[in-house]
Each structure stands twice: as C-alpha cells, then as structure tokens.
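In: With the input below, show me the fold.
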Amino acid sequence: MSRQQWVKGPICGTDNCRSKYYRNQDGLSICQFGHVLEGAIEFNDDQDVAVVSTRRLNTVAVDERGLLASQSSQRYSQGRRKRERAVGSEAIPIYFRCLQILLKHELNAIIELFFSESIRHDLTLIVKTNWSKALNRFYKVEENATEHDENANANANKNHSGHFKKESLDILDLICIIYISSLYLQAYPMYLSDIMESMKSDKIPFFKTYHLLPKEDLDQLHGSYHGRLQAHEMPQDGQIYRRLFQLNAVLFEEEKKKKKEEEEEEEEEEEEEEEGCLAVPVSYYFPFIFKTLSKTLNLPNAPEVFILIYNYLELIKINQFEIKSRLKTVKRLLDSFPEVHIVVVIIFVLKLNLRYGKQLFVSTKNKSDDNYLFTMPPDKINEYCDWIYQHLVPDKYTNEKNEISVMEKRLFQIFDFKDSAETCNLDIAGSEQKVVANSSHVEYVTDTNEIDEILFQQLAPMINLSVDHLKELYKSISQAHHLKAPIN
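Out: Prediction:
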C-alpha cells in the first residue's frame, strides 16, 4: 500500500484531542485519532456521461492564519466583520479619534526633526487648541452630512470664507494644523519646503499610517475613511496652500465665535471691519532665504545675494507677511503666502544681479572694512588662509618660548602641523588635477533665458508649485514690487 499523506491543520479539539495532522478519506478530513473535522468536505461530482476525467469541487477552506477551517465558520467570520462596520454617525467619533492619534504621531515627529524638547510643551498646547477649534467646526459638518440636513449644512458653511467650503479633515490637514501652530509660536523656523521633504522621505507619517492606528478602529471604519487616513500621493500644484488658507479661516472664525460668547456687547461696525490674518515677520524667513541660495541653488556668492535681498525687502518696505483668512479674489491666494513671495523675490533679485552685477560690485573695489571678511569671495578666503598658515602658524609652532597658551600647546600636540601641511599640499595637488581632468565635461551656462528657466525649474518643486504657475505668480508679484520701487 502507498504511504498515507498527512496534512497539517488546526488542532482537532474534539474530546480535547491534540492532533494537528489530517488525512483525506472519502471526502472527509480525519485526524490521527479518528475524529472528523466538521465542515471540511471534498466532493467528486461525476458526470452522467462516462468520461475519463472528473470535476472536483474542493470546499476545504483556509482561515486567516492559513490553516484548515470549515467553510461555514469562514463565512460566519466574514459576515461578522461586515456587520461590525460602523456607518453614519457611529463612524464619525471613530474617524476623528484616528485623526487625533495620527496628529500626535506627526507632532512628535516634527518636534524631533525641527524643534527641541524645550518647545514641546508650548507647541503641544497650541496644536491642541487649534485641533479643538477645527474639531468643533468639522465634527458638526460631518454630522450634518450624514443626516442629509441641507439647511444645517448650509448654515455651517455660511460663516466660512465665500471662496472655499471645506467639509472634512484628512491626513494633510493635520500637518497644516501643526504648521499654522508653529507660526503662532515662531520659536524655531520651520518651512513648508522642509515639511514636504520630510513627507517624501517618510520621516513624518503621511504615506504609511495604518500601523499607527488601532486595528479595532480600522476594522470598524468603511473604506472611504481609510483613504483619508493615509495619503497616496504628494500634494500637487499649491494644494497645501489652499488647505492652509481654509484652516486659517476656520481657526479665525472659531476664535471670533469664542470672543463673542465671552463679550456680550460688541459693536457691529468693528465686526465688519475685522479681518483675521496671521502675521509673520520677515526675519523669520532669513534662514529660508540663505538655505535656498546656498543649498538649493548652490551659489558661491550666497552671502552677497542675501544682503541684496535684504536691502531689496527694506526698499519695498516689507516688514512682515500676512496670511489672510478672507480674500477678495481667489487669484491672490498664493501671493499672500511667505514662501511663495520670497521665492519670487529671490528670482527677481538674481535676475537683477545677473544683469547689473558688474556695475554693482565694481564700486566696492579697494574699499574694504572690518565687515569685508564676512562677504569675502572664496578665492580671497583661500588666499587669506594661506597667508595665515605661512606667516603665523609656523612661528607659533617652532617658537621655543612659552608665549603660546596651554590650549594651543595641546592642540599642536594632538595635530602635527608638519604632517598636516604635507597631506594638505598633496590634497590640493590631487584636487587640482581632478579639476583639470574634468574641466572638459563642464558646461557653462551664459544665456540669461536659460538661467531663468533653471531658476524656475529648481525653485518651483521646492514650494509645491508647477513651473508655469510660478511664472504667473512671478509676473504678478514683480509688477506689484515695480510699482513700489521702480528700477530704471
């Protein structure tokens, strides 16, 4: 006889049977001790016509762990999961509880990336306050939407900005709430370009968030909610700015309602003139300007261009940026955001520098002062360092008298100047050979139109805009600046 084949499956359990191995006999699954697994049946459905082949209908089911299970129990578990799905008003608190859990994880990630532990308490309080305001607004909107009450939904959107009617919150809105809260605090600079890079590299939970949520809550929510708890693509062409504008308007309106409740008597004229705006000083974005010049554009004269941009902002009298909650036209939406405005200023000043750069810098020749060291070009810095090493450092190193400090003595003991000078000369010679060898592959761009295109292509993705959209904004903002400070 052929050897009996045993298949591993679940524990039998009949009369406390511990067997996990089964054999098939007459369509039944029988364990080692003769117990029959309930529901695991195989049927051989032979046709009436005498044919060689037969059709086998296999109804042996597999459970969630990949083990044998009866088909009836599997259908029961699937039906039970379907019945446990929360719908309507029952799903709303579960959904917002999941959003609150994700908000906590995103806030912790952003604090570790951009802030210090000393800011955690203050920033957390501001985020909680803004989250409560947003929750007070959108929780009611969700309830009205589920009840299909058109009148209540219209009243909920009546006080909101006339251009946008936001109905719900998702994973992107949580990051916007944290960003707006950081602008309220203004303790450490954090910019949208840094946030976008962290989202792409998955340093901030954005694309993979399901593992952060309780499995019980995810199982209860419908699939339409799952798509709002985890992103599938990056925001495109200014989407994050529209979200920031909508949330800023909502937060301002909730604060306004709170003040109305606290103050019973308030004049109507003041209410009509009051417009909410989030004011941010220009100095908050100085690191953003220098980082864009030095790292994004890799300009060797980044300090000089930074001073030009600073003087230009002083010339057109821009001391702060205002993110408004109300706009007369939607076309002016992106103009009010600081990052967009500053990028346009950077492009504008760089184009002026390329056109009038020689005339601007010739006048500073042979007129250096104490501050010249901070704006010295790289070749001058190398010459200055060579002079220091050739004239000052060897004298101190070979001086037998005790004129140098104890700290300098210890430094000379740790780092041998003679050996370091020899290796430094070898490194310089090797680097010069590499530059000469690779100089034939270097292409120099001299066309101003091509340089402009390079600027737009490099800076547009950094601020989450398309190249064409940034060009349109550049025209409108630069024209407004030209009216303030015409340049002949």
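
In: Can you pull the domain assignment for this structure?
Out: 7-83, 88-274, 280-488 (automatic domain parsing).

In: Between the ones you listed, which has the poorest mean confidence score?
Out: Among those, domain 7-83 carries the lowest mean pLDDT, at a mean of 66.

In: could you measure the residue nearest to residue 377 when sequence neighbours are not counted against residue 294, distance?
Out: In this structure, residue 377 finds its nearest non-sequential neighbour in residue 301, 6.7 Å apart by C-beta to C-beta, 6 or more residues apart in numbering. (C-beta placed from N, C-alpha, C; glycine too.) Residue 301 sits 10 Å away from residue 294, going by C-beta to C-beta, to the nearest Å.

In: which helices and strands sit right next to the top helix by length along the chain?
Out: As assigned by DSSP state H, the longest helix anywhere in the chain is helix 117-147. Packed against helix 117-147 by the contact rule (3 or more C-beta pairs under 8 Å, 6 or more residues apart in numbering; DSSP states H and E) you find helix 91-114, helix 150-158, helix 171-185, helix 239-262.

In: Check which residues of the last one are buried.
Out: Using 16 or more other C-beta atoms under 10 Å as the burial criterion, the residues of helix 239-262 that qualify are 240-254.

In: now do stretch 207-216
Out: Those buried within stretch 207-216 under the rule 16+ other C-beta under 10 Å are 209, 213.

In: outside of that stretch, which residues touch it?
Out: Identification of contacts with stretch 207-216 by C-beta atoms under 8 Å, 6 or more residues apart in numbering yields 98, 101-102, 105, 171, 199, 202, 205, 218, 226, 229-232.

In: Buried subset of the residues you listed, written for ChimeraX?
Out: This is how ChimeraX selects the buried members of those, with burial counted by 16+ other C-beta under 10 Å:
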select :98,101,102,171,199,205,229,230,231
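
In: any chance of the contacts of stretch 207-216 in TSV, plus distance to residue 378?
Out: Output for these, formatted as TSV (distance: C-beta to C-beta, whole Å):
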residue	distance to residue 378
98	52
101	50
102	46
105	43
171	44
199	34
202	36
205	41
218	55
226	53
229	49
230	46
231	42
232	45
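
In: which among the contacts of stretch 207-216 gets closest to residue 352?
Out: Residue 352 lies nearest to residue 199 out of the contacts of stretch 207-216, by C-beta to C-beta, at 33.7 Å.

In: Now the closest one: which helix or strand?
Out: helix 192-200 (DSSP states H and E).

In: Which helix or strand lies directly C-terminal to that helix?
Out: Past helix 192-200, further along toward the C-terminus, the next helix or strand under DSSP H and E is helix 215-220.

In: which element follows that following helix toward the C-terminus?
Out: Scanning onward from helix 215-220 (DSSP H and E), the first element met is helix 223-229.

In: Can you name the residues in contact with that following helix?
Out: 91, 95, 98-99, 102, 168-171, 209-210, 213, 218, 221.

In: 10 Å instead, please
Out: 85-86, 91-92, 94-95, 98-99, 101-102, 168-174, 209-210, 212-213, 217-218, 221 (C-beta atoms under 10 Å, 6 or more residues apart in numbering).

In: For it, list the C-alpha coordinates in PDB.
Out: In PDB, the C-alpha atoms belonging to helix 223-229 read as follows (Å, rounded to 0.1, in the frame of the first residue of the first chain):
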ATOM      1  CA  GLY A 223     -13.000  52.000   3.100                       C
ATOM      2  CA  SER A 224     -13.900  55.600   2.200                       C
ATOM      3  CA  TYR A 225     -12.500  56.700   5.600                       C
ATOM      4  CA  HIS A 226      -9.300  54.700   5.000                       C
ATOM      5  CA  GLY A 227      -8.300  56.900   2.000                       C
ATOM      6  CA  ARG A 228      -8.400  60.000   4.200                       C
ATOM      7  CA  LEU A 229      -6.300  58.500   7.000                       C
END
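
In: list the contacts for residue 22?
Out: 5-10, 12, 28-32, 35-37, 40, 60, 68.

In: Help me confirm that it is found in a helix?
Out: No: counting by DSSP: H, G, I helix; E, B strand; the rest coil, residue 22 is not part of a helix but strand.

In: gap between it and residue 15?
Out: 16 Å.

In: And residue 195, by the same measure?
Out: In terms of C-beta to C-beta, residue 195 sits 62 Å off from residue 15.

In: Which of the two has more residues huddled nearby?
Out: Applying other C-beta atoms under 10 Å to residue 195 and residue 15 shows that residue 195 carries more neighbours, namely 24 against 7.

In: What residues does that one make contact with?
Out: Residue 195 touches 106, 110, 113-114, 175-176, 178-179, 182, 203-204, 206, 240, 464, counting by C-beta under 10 Å, 6+ apart.

In: Phi first, then psi, for residue 278.
Out: Note on residue 278: its backbone torsions stand at phi -100, psi 110 [degrees, to the nearest 10].

In: Closest one of the buried residues of helix 239-262 to residue 307?
Out: residue 241 (28.8 Å).

In: Was I right to think the closest one contacts residue 196?
Out: No: contact criterion C-beta atoms under 10 Å: residue 241 and residue 196 do not qualify, at 11.7 Å.

In: Now list whatever residues contact both of the two.
Out: Joint contacts of residue 241 and residue 196 (C-beta under 10 Å, 6+ apart) are 235, 463, 464.

In: Kindly indicate which of those lies nearest residue 335.
Out: Nearest member of these to residue 335, counting by C-beta to C-beta, is residue 463, at 12.6 Å.

In: count of neighbours near the closest residue to the closest one other than its chain neighbours?
Out: Nearest residue to residue 463 in three dimensions, chain neighbours excluded: residue 339, at 5.1 Å (C-beta to C-beta, 6+ apart). By other C-beta under 10 Å, the residues close to residue 339 number 20.

In: before we move on, which element is residue 339 in?
Out: In this assignment (DSSP H and E), residue 339 forms part of helix 338-362.

In: need the next SSE after that helix, C-terminal direction.
Out: helix 378-391.

In: Now do the buried residues in that next one.
Out: Buried, per 16+ other C-beta under 10 Å, within helix 378-391: nothing.

In: same for that helix, what does it pack against?
Out: If you count contacts as 3 or more C-beta pairs under 10 Å, 6 or more residues apart in numbering; DSSP states H and E, helix 378-391 packs onto helix 417-438.

In: Now the helix or strand harbouring residue 314 - C-alpha only, CSV.
Out: In this structure, residue 314 sits in helix 302-315 according to DSSP H and E. The C-alpha trace of helix 302-315 is given here as CSV (Å, rounded to 0.1, in the frame of the first residue of the first chain):
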residue,chain,number,x,y,z
ALA,A,302,25.2,83.4,-1.4
PRO,A,303,26.1,85.9,1.4
GLU,A,304,26.3,88.8,-1.1
VAL,A,305,23.0,87.9,-2.7
PHE,A,306,21.4,87.5,0.7
ILE,A,307,22.4,91.1,1.5
LEU,A,308,21.0,92.3,-1.8
ILE,A,309,17.7,90.6,-1.0
TYR,A,310,17.6,92.1,2.5
ASN,A,311,18.2,95.6,1.1
TYR,A,312,15.5,95.0,-1.6
LEU,A,313,13.0,94.0,1.1
GLU,A,314,13.9,97.1,3.0
LEU,A,315,13.5,99.2,-0.2
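
In: From the contact counts, what lies against it?
Out: helix 286-291, helix 338-362, helix 467-484.

In: Of all the residues in the first one, which ones are buried?
Out: Buried residues in helix 286-291, defined by neighbour count with 16+ other C-beta under 10 Å: 286, 288, 289, 291.
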